[in-house]
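*Asks:* how does the following fold in three dimensions:
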Amino acid sequence: MSLVLDAGALIALERDASALWERMEEAHRVGCPPMTHGGVVAQVWRGGSGRQFRLARALFGTIVVPLDESLGRRAGVLQARAGRFDAIDAALVAMCSSGDQIVTSDPHDIAALADAARLDVDILLA
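*Replies:* Model (predicted):
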C-alpha cells in the first residue's frame, strides 16, 4: 500500500497540515515512502526550497515517478475511459495499485478515474 499525493496534498503539506505530515511520517515508518509524479511537482513548485521549504521537505522524502511515455499512454487511455480531461490526475491514478491511498483536494475526479481504472483505493481529502 502506497500513499499517493496529488497537487492538493502537496499544497496542504506546504501549508503545514499536521495530520497529513503524520500520515507521511507513518508511511516512512512502515518502509513505504509516499509517491507522486513529475507533473504534479510542476503544478506546485514555484521557485525553491527557501520559499517553499515545507514542500521541499515533503518532496525530499517522496518518490517522484517520471511522467514518461509509458505513464503518459496509460493516463491517456484512462482519461478516455473515465471521460475526464486532466492528464496530471489521470497519470496519478494510472501509477496506483489497488490498496493505495490517494490524498487529494479533488476527490470527485480522482474517484471517477479510480473507478474507470477498476482500482480499489482509499481517497483521502487533503
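*Asks:* what's in contact with the longest helix belonging to the chain?
*Replies:* Longest helix of the chain, by residue count under DSSP state H: helix 69-82. By Cβ atoms under 8 Å, 6 or more residues apart in numbering, the surrounding residues in contact with helix 69-82 are 37, 65, 85-87, 90-91, 93-95, 112-113, 115-117. C-beta here means a position set from N, CA and C on the backbone, and glycine is covered the same way.
*Asks:* okay, and which of those map to helices?
*Replies:* Among these, the ones falling in helices (DSSP H) are 87, 90, 91, 93, 94, 112, 113, 115, 116.
*Asks:* surely the third one is in contact with residue 39?
*Replies:* Yes - proximity of residue 91 to residue 39 meets the contact threshold set by Cβ atoms under 8 Å, at 5.8 Å.
*Asks:* neighbour-wise, which of the two wins?
*Replies:* Remark: of residue 91 and residue 39, residue 91 carries more neighbours, 26 against 21, as counted by other Cβ atoms under 10 Å.
*Asks:* what separation do you get for the spatially closest residue to the more buried one that is not a sequence neighbour and residue 107?
*Replies:* Closest residue to residue 91 apart from its sequence neighbours, by Cβ to Cβ, 6 or more residues apart in numbering: residue 75 at 3.8 Å. Going from residue 75 to residue 107 by Cβ to Cβ, to the nearest Å gives 18 Å.
*Asks:* which of the two has more neighbours?
*Replies:* Neighbour count, other Cβ under 10 Å: between residue 75 and residue 107, residue 75 has more, with 24 against 17.
*Asks:* roughly how far does the more buried one sit from residue 24?
*Replies:* 24 Å.
*Asks:* and residue 61, by the same measure?
*Replies:* According to Cβ to Cβ, residue 61 stands 7 Å off from residue 24.
*Asks:* and the contacts of helix 69-82, which are buried?
*Replies:* Buried residues within the contacts of helix 69-82, counting neighbours by 16 or more other Cβ atoms under 10 Å: 37, 65, 86-87, 90-91, 93-95, 112-113, 116-117.
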